[in-house]
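>>> the amino acid sequence is not available; the structure is as follows:
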């Protein structure tokens, strides 16, 4: 018994529906991610040398929306977060590398032991731009996500 046109059409339709569902989930997740609030709640293991400053940070994510933030449904891993100034020069890199981040609607989730690395020499050469930073509105946040083995960048 061979493959019939009916089987090809049904399989193609199922794959198409799966792709549309996946795109919808990723877009909804990006929208909710833009509304998340993050507050530092812990600081330890401070280490500094001439090249860089490194420490561990705990961050609590707050979800003020009515939508659950659960990227695990789309098999995603938050790899790292890069903080940049307005000229897109790196200020710091936060290594997250966590999956199973789920923040319920109007709830919170704590990320523990995030490694924060601040390059001292790069920031010294960029001091003119850093002095102009007056708040979070002056910082560009780039979140690097791993989805199904491919990296995506979301810039806020």
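That came through, no problem. Only a predicted model underlies this, so the values are computations on that prediction, with no experimental measurement involved. Numbers count the residues shown, from 1 in each chain.
>>> next, count neighbours for the residue lying closest to residue 55 once chain neighbours are set aside.
Nearest non-adjacent residue to residue 55, counting by CB to CB, 6 or more residues apart in numbering: residue 46, 4.5 Å away. C-betas here are computed from N, CA, C, even on glycine. For residue 46, the count of nearby residues is 10 (other CB atoms under 10 Å).
>>> is residue 46 within a helix or a strand, and which one?
strand 37-48 (DSSP states H and E).
>>> can you check residue 154 too?
Under the assignment here (DSSP H and E), residue 154 is part of strand 150-155.
>>> which other residues reach that strand?
30, 33, 79, 140, 141, 142, 143, 144, 145, 146 (CB atoms under 8 Å, 6 or more residues apart in numbering).
>>> quick check: beta-bridge partners of the residue nearest to the fourth one when sequence neighbours are not counted?
The one in question is residue 140. Take residue 140 and drop its neighbours on the chain: the residue closest to it by CB to CB, 6+ apart is residue 84, 4.3 Å away. Beta-bridge partners recorded for residue 84 (DSSP bridges): residue 90, residue 140.
>>> isn't residue 84 right up against residue 142?
Yes: the criterion here is CB atoms under 8 Å, and residue 84 meets it with residue 142 at 6.4 Å.
>>> can you pull out the helices in the chain?
5-33, 120-125, 127-131 (DSSP state H).
>>> mean neighbour count added to those helices, as JSON lines?
Output for those, formatted as JSON lines (neighbours: other CB atoms under 10 Å):
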{"stretch": "helix 5-33", "mean neighbour count": "12"}
{"stretch": "helix 120-125", "mean neighbour count": "12"}
{"stretch": "helix 127-131", "mean neighbour count": "11"}
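>>> might one say that residue 139 is in contact with residue 83?
Yes: with contact defined as CB under 8 Å, residue 139 reaches residue 83; the gap is 5.6 Å.
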